[in-house]
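Fold the following for me, if possible:
(chains A and B)
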Amino acid sequence: GNSVTQMEGPVTLSEEAFLTINCTYTATGYPSLFWYVQYPGEGLQLLLKATKADDKGSNKGFEATYRKETTSFHLEKGSVQVSDSAVYFCALSLNTGTASKLTFGTGTRLQVTL
Amino acid sequence: EPEVTQTPSHQVTQMGQEVILRCVPISNHLYFYWYRQILGQKVEFLVSFYNNEISEKSEIFDDQFSVERPDGSNFTLKIRSTKLEDSAMYFCASSAESNTEAFFGQGTRLTVV
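Numbers count the residues shown, from 1 in each chain, chains lettered A, B, ... in the order given. Predicted coordinates for the structure are as follows:
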C-alpha cells in the first residue's frame, strides 16, 4: 500500500537556523507529493507541492524536491522564523481518476525559539 | 479568498449519541473528503465523495459513519452511535478536480464522553 514516513519530532531550532524535515514515501504508481502545515489551533494548509519527478515545490522560503530515485520529498528552509513554529505533514496522493485521497505522514512538530 | 468552513468548531457528546458534523466546501469544487486526526496521531482518510456518491472509504469508515450532500452547499458526516474512540479532530476538504489541491477546513473537535 501507499505510505509516508517522516522524521520524528519535535524539532527545536533557533531563529535563522537551517531546517530539514525528512520525508520518504512508498507508492504504487507515480504520486503527487505535498507538504501541509498546521499552525496552533488551525486547520491544514497546503505549503507546497510537486507533481512529478525532479519538480521543486516552493513557498514562503520553504522548498522540497521530488526525488524519485530516493523516493523522498525533504522539506528545507534556509532561515527559520519563530512564526514557522507549527506541525508539518508530508503527504502523497495518487490520481486514480476518481477523488484522490491524501495519505499523510505522522507530522513533525517544529519549535523555533529566539 | 474562498475557504472551506466547518461547524461546530467543538462538539461534546455522550457515548452512544448521534452527531452530525457540517461542512461547506468551496462553491465550485466537485470532490469532497473527510479526514480525522486523533490527538497526537497522523491525519487519516475517512471517505471521498463525488457526483453524489462515495468514491472511496477507509476501514475506519464503517456502518456507524455516513456522508451526505443534502443540498447544493453542505457536506455532512454523521456518526450514528458515537464511541469514546471517535474523539478526534475531523477535517473536511474539497478540491476542484480529482488530482488538484485539496483545501481543508479548520476542523471540528469531537469529544465523546
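
How about the residues of chain B by chain A?
Residues of chain B lying near chain A by CB under 8 Å from any CB of the partner chain: B:31-33, B:35, B:41-45, B:48-50, B:55-56, B:91, B:93, B:95, B:98-99, B:101-107. Placement of C-beta: from N, CA and C, glycine included.

Now go through the residues you listed and say which are in strands.
Assigned to strands by DSSP state E, the following of these qualify: B:31-33, B:35, B:43-45, B:48-50, B:55-56, B:91, B:93, B:95, B:103-104.

before we move on, the earlier item: the residues of chain B next to chain A, buried ones only, as a PyMOL selection?
Restricted to buried positions by 16 or more other CB atoms under 10 Å in any protein chain shown, the PyMOL selection for the residues of chain B next to chain A reads:
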select buried, chain B and resi 31+32+33+35+42+43+44+45+48+49+50+55+56+91+93+95+98+99+102+103+104+105+106+107
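
so what's the residue positioned nearest the centre of chain B up against?
Nearest residue to the geometric centre of chain B (CA atoms, centre = their mean): B:Trp34, 3.4 Å. For B:Trp34, the contacting residues are B:Leu21, B:Cys23, B:Leu46, B:Val47, B:Val67, B:Leu77, B:Tyr90, B:Phe91, B:Cys92, B:Ala93, by CB atoms under 8 Å, 6 or more residues apart in numbering or on different chains.

again, but for B:Arg109
Taking CB under 8 Å, 6+ apart as the test, what B:Arg109 contacts is B:Ser9, B:His10, B:Gln11, B:Ala88, B:Met89, B:Tyr90.

Any idea how many residues pack against B:Leu39?
Neighbour count of B:Leu39, defined by other CB atoms under 10 Å in any protein chain shown: 8.

who's the closest residue to it other than its chain neighbours bridged to?
Closest residue in space to B:Leu39, ignoring its immediate chain neighbours: B:Ala88 at 7.2 Å, by CB to CB, 6 or more residues apart in numbering or on different chains. With DSSP bridges as the criterion, B:Ala88 is bridged to B:Leu110.

quick one: B:Ala88 and B:Arg36 touch, right?
Yes: taking contacts as CB atoms under 8 Å, B:Ala88 lies within contact range of B:Arg36: 4.4 Å.

which parts of stretch B:79-93 are buried?
For stretch B:79-93, by 16+ other CB under 10 Å, it's B:Ile79, B:Thr82, B:Asp86, B:Ser87, B:Ala88, B:Met89, B:Tyr90, B:Phe91, B:Cys92, B:Ala93.

Residues of chain A that sit close to chain B?
A:32, A:34, A:36, A:42-46, A:49, A:89, A:91, A:93, A:95-107.

Among the residues you listed, name the ones in strands.
Mapping the residues of chain A next to chain B onto strands (DSSP E) picks out A:32, A:34, A:36, A:44-46, A:49, A:89, A:91, A:93, A:102-104.

picking that back up, of all the buried residues of stretch B:79-93, which two lie farthest apart?
B:Thr82 and B:Ala93 (21.8 Å; CB to CB).

Understood, closing this out.
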